[in-house]
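Novice: predicted model and sequence follow; I will ask about them next.
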Amino acid sequence: MTKFRIGVLDPIASEGLELLRAASDFEFEERVGLKGDELRSSLADFDGVIIRSGVKITAESLTGNRRLKAIVRAGVGTDNIDKEAATRLGIVVMNTPSGNTLSTAEHAFALMLALSRSVAPAYAGLCNGKWDRKLYMGTQLADKTLGIVGLGRIGREVALRGLAFRMRVIAYDPFLTDEQATKLGIERVETVAEMLPKVDYLTVHTPLTGETKHLVGKKELASLKPGIRLINCARGGIYDEAALVEGLKNGQIAGVALDVFESEPCTDSPLFGMPGVVCTPHLGASTEEAQTQVAVEGIQLLLNYLGTGEIRHAVNVAALDPKTLASLRSQLDVAYRLGLLVSQWHGGAVAGCNLTYRGNVADRDTKLLTNAFCVGLMERSLEEDINIINAEMLLRERGIELNENRSHEMGAFSSSITAEVHGGQRKVKAAGTVFGHHMPRLVMLDDYRLEAYIDGNLLIFTHQDVPGIIGKVGTAFGQHEVNIAQMAVGRGGNQPGGHAIGVLNLDSQPTQDALDDMLAIDAIDKIQTIELPPAGQLPVWLQ
Ligand code: NAD
Ligand code: MLT
């Protein structure tokens, strides 16, 4: 059996490497400091990679990659990964969201205290032989107001520490409710602007987004409470560095502490050396504990995904734990097979699809099921690899509309999935369900109810519901030595004598002569072959 290959592309804690050494089904290699062509060719050598913030996984570095299945970020921020490019290639991107939370919250506090008590310049003074106790008069944190923008994992820990220091804590986060704020013992404000004139310390714990970029810029300087101290342990660019310089110079700002910079690595900044400034080189997560945790967690994510398909902490797809995967596998298979079937039964360019989940399946993670359907729908017409990570994106990129409906009413089956697709002048419909534990079945095709296998070589024919059809079809195929393994028929309106549909499950592909003989049968008006995976064969991404 070929072993999965894992690339360690940034230095990670030895505990993570130990896990890799102990994983006998995996091989790994450390290749750090890669860029350009070297990075692109290396990424194509691995099934999964683990990175920190050093290496930049750009769209270009992923060009033409047909091997990589997972990128794990040992840390929180995934801004050094082009997630859109990864998703398009079906690569899952995962992070370790909580491993460095405490260390980063502590670092924000270390900087806040260092600013308040001039720790860095006082020590530098001592090193230069100066014992100056007046110059470094500080301020205490107790009874001051701390403003926090972003009350996620780190922001909350910072809030708790602020309260422990007897600070008044005010927070802004679009997802923070009054109830949560009251429970935490802090105040909630509606906007950042409302907070700026009130706070003695401002700390940010959000990602860098269009909304958070330059959240404090030149325009905001005048609204800051005079003597404010600003801390950033989140992402460079949330404060406009040029505005910070201006605010320090004009005295509006008393202190600035940055762990992160607009451009990193940053070894030259007008802020460096200014009074009231203390900076660190992106050290928020640099503790033994945090690094061990993110390395171990990150490697486990990779091993589990490659080994079992478990998806945790993905930033570009819904989670899929082993229990859910096991319990959903048959439904995912049905959804995938329905996609394959309707794309062939429709036969043309699809403009839109409607999926309806009925009964128990409506309570499950239907997004995953929809993705599985999309894989089936497009797989045959795409050159690129498609899986449940990139399927929906590829579908929408092609301008195909996708709607999902759920109904808890069971109908004839405890669970069923109905897929309708339309495009051009044609509209087709198919519904599937699972019999027993893993027996996918087609239970409706267009408006005909039936019970057919949904695997292998199918032949669908529509015909007038007249006596003798089944015998004639059997004879035609018998003459061409095509064995019919199973046959199902459905009648329009369940009434005899009208229009009907037949689905044959064949042991081999019929020849064109066999198909011509079948089409020559008077009552038959349309035939269509459908190729599906054999019974029990799951797509790679479901195994
Ligand atoms: P998180 O996802 O748990 O929390 C982020 C919070 O920001 C969320 O609650 C979100 O609602 C909020 N938010 C988003 N946009 C906002 C906006 N416009 N205004 C206000 N709030 C907004 O993330 P986290 O783990 O707490 O990490 C926070 C940041 O810290 C991330 O950018 C992460 O990359 C960074 N980080 C830095 C270091 C370091 O070494 N300096 C270490 C870990 C994390
Ligand atoms: C993160 O996003 O986790 C941080 O930037 C920490 C890091 O990786 O060094």
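Specialist: Now that the structure is in, tell me what you want to look at. What you see is a predicted model; the values in this text were computed from it and never measured. Numbers count the residues shown, from 1 in each chain. Ligands and ions are numbered 1, 2, ... in the order given.
Novice: give me the distance from the strand or helix carrying Ala86 to the chain's centre.
Specialist: Ala86 belongs to helix 83-88 when assigned by DSSP states H and E. Computed by CA atoms, centre = their mean, to the nearest Å, the chain-centroid distance of helix 83-88 equals 10 Å.
Novice: try stretch 458-475
Specialist: In terms of CA atoms, centre = their mean, the centre of stretch 458-475 is found 47 Å from the chain centre.
Novice: ok, now stretch 328-340?
Specialist: When C-alpha coordinates are averaged (CA atoms, centre = their mean), stretch 328-340 and its chain have centres 20 Å apart.
Novice: just the CA atoms of that stretch, as CSV, please.
Specialist: Provided in CSV are the C-alpha atoms of stretch 328-340 (Å, rounded to 0.1, in the frame of the first residue of the first chain):
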residue,chain,number,x,y,z
LEU,A,328,-24.1,9.6,6.6
ARG,A,329,-22.0,7.5,4.3
SER,A,330,-24.9,5.7,2.6
GLN,A,331,-26.9,8.9,2.1
LEU,A,332,-23.8,10.6,0.7
ASP,A,333,-23.4,7.8,-1.7
VAL,A,334,-27.1,8.1,-2.7
ALA,A,335,-26.7,11.8,-3.2
TYR,A,336,-23.6,11.3,-5.3
ARG,A,337,-25.2,8.6,-7.4
LEU,A,338,-28.3,10.8,-8.0
GLY,A,339,-26.0,13.5,-9.3
LEU,A,340,-24.4,11.1,-11.7
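Novice: can you pull the contacts of Glu190?
Specialist: Tyr172 (CB atoms under 8 Å, 6 or more residues apart in numbering). Any C-beta I mention is one placed from the backbone N, CA and C, and that applies to glycine too.
Novice: what helices or strands is the helix holding Ala86 leaning on?
Specialist: helix 59-62, strand 92-95, helix 391-397 (3 or more CB pairs under 8 Å, 6 or more residues apart in numbering; DSSP states H and E).
Novice: deepest-packed of those, please.
Specialist: Mean neighbour count (mean count of other CB atoms under 10 Å) peaks for strand 92-95 among these, with a mean of 25.
Novice: how about it against ligand 2, any contact?
Specialist: No - against ligand 2, strand 92-95 shows no contacts by CB under 6 Å from any ligand atom, the least distance being 7.6 Å.
Novice: check which element follows that strand along the chain.
Specialist: Per DSSP H and E, the first helix or strand lying C-terminal to strand 92-95 is helix 101-116.
Novice: which helices and strands does that next one pack with?
Specialist: Helix 101-116 sits against helix 153-164, strand 201-204, strand 228-232, strand 253-258, strand 277-279, helix 288-308, with contacts defined as 3+ CB pairs under 8 Å, 6+ apart.
Novice: can you add mean neighbour count and mean pLDDT and give the ones you listed back as CSV?
Specialist: Formatted as CSV, the helices and strands packed on helix 101-116 follow (neighbours: other CB atoms under 10 Å; pLDDT from 0 to 100):
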stretch, mean neighbour count, mean pLDDT
helix 153-164, 21, 97
strand 201-204, 26, 98
strand 228-232, 26, 98
strand 253-258, 24, 98
strand 277-279, 21, 98
helix 288-308, 21, 96
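Novice: turn these into JSON lines, columns for distance to ligand 2.
Specialist: Below are those laid out as JSON lines (distance: least, CB to the nearest ligand atom, whole Å):
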{"stretch": "helix 153-164", "distance to ligand 2": "10"}
{"stretch": "strand 201-204", "distance to ligand 2": "13"}
{"stretch": "strand 228-232", "distance to ligand 2": "12"}
{"stretch": "strand 253-258", "distance to ligand 2": "13"}
{"stretch": "strand 277-279", "distance to ligand 2": "15"}
{"stretch": "helix 288-308", "distance to ligand 2": "7"}
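Novice: tell me the secondary structure at Glu29.
Specialist: What DSSP: H, G, I helix; E, B strand; the rest coil gives for Glu29 is strand.
Novice: what about it, how many residues nearby?
Specialist: Applying other CB atoms under 10 Å, we find 13 residues neighbouring Glu29.
Novice: phi and psi next, for the nearest residue to it once chain neighbours are set aside.
Specialist: Leaving out its chain neighbours, the residue that sits closest to Glu29 by CB to CB, 6 or more residues apart in numbering is Gly7, at 5.9 Å. The phi/psi pair for Gly7 (degrees, to the nearest 10) reads phi -110, psi 130.
Novice: enumerate every residue touching Gly7.
Specialist: Applying CB under 8 Å, 6+ apart, the residues near Gly7 are Phe28, Glu29, Glu30, Arg31, Ser42, Leu43, Asp45, Phe46, Gly48, Val49, Ile50.
Novice: report the separation between it and Phe175.
Specialist: 35 Å (CB to CB, to the nearest Å).
Novice: for Gly376, give me its contacts.
Specialist: Residues near Gly376 by CB under 8 Å, 6+ apart: Ala335, Tyr336, Arg337, Leu338, Gly339, Leu340, Leu341, Ser343.
Novice: apply 7 Å and report the result again.
Specialist: Gly376 sits next to Tyr336, Arg337, Leu338, Gly339, Leu340, Ser343 when contact means CB atoms under 7 Å, 6 or more residues apart in numbering.
Novice: burial measure for the last one, as a count.
Specialist: When neighbours are defined as other CB under 10 Å, Ser343 has 23 of them.
Novice: looking at this, Ile530 is in a helix?
Specialist: No - under three-state DSSP, Ile530 falls outside any helix and is assigned strand.
Novice: count of neighbours near it?
Specialist: With other CB under 10 Å as criterion, Ile530 counts 19.
Novice: correct me, but it touches Ile460?
Specialist: Yes - the criterion here is CB atoms under 7 Å, and Ile530 meets it with Ile460 at 6.2 Å.
Novice: any shared contact partners between the two?
Specialist: Trp345.
Novice: what about the closest residue to ligand 1 within the chain, how many residues close to it?
Specialist: The chain approaches ligand 1 most closely through Gly152 (1.7 Å), counting by CB to the nearest ligand atom. When neighbours are counted by other CB under 10 Å, Gly152 registers 17.
Novice: roughly how far does it sit from Ile6?
Specialist: The gap separating Gly152 from Ile6 is 29 Å, by CB to CB.
Novice: could you do Met487 as well?
Specialist: As for Met487, its distance to Ile6 is 49 Å (criterion: CB to CB).
Novice: looking at the two now, which is surrounded by more residues?
Specialist: More crowded of Met487 and Ile6, by other CB under 10 Å: Ile6, with 24 against 17.
Novice: contact partners for the more buried one?
Specialist: Going by CB under 7 Å, 6+ apart, Ile6 touches Leu20, Phe26, Phe28, Phe46, Asp47, Gly48, Val49, Ile50, Leu302.
Novice: cool, Thr511 as well?
Specialist: Counting by CB under 7 Å, 6+ apart, Thr511 touches His480.
Novice: the closest residue to His480 other than its chain neighbours: which element?
Specialist: Of all residues not flanking His480 in the chain, Ala514 sits nearest, at 3.7 Å (CB to CB, 6+ apart). Element membership for Ala514, per DSSP H and E: helix 512-519.
Novice: show me how far that helix is from its chain's centre.
Specialist: The chain centroid and the centroid of helix 512-519 are separated by 47 Å under CA atoms, centre = their mean.
Novice: low-confidence regions, the stretch 401-543 of the chain specifically.
Specialist: Residues of the stretch 401-543 of the chain meeting the criterion pLDDT under 70: 494.
Novice: strands of that one, start to end?
Specialist: All strands of the stretch 401-543 of the chain, identified by DSSP state E, counting those that start in this stretch, fall at 401-407, 415-423, 426-435, 439-445, 448-453, 457-464, 484-491, 499-506, 524-531.
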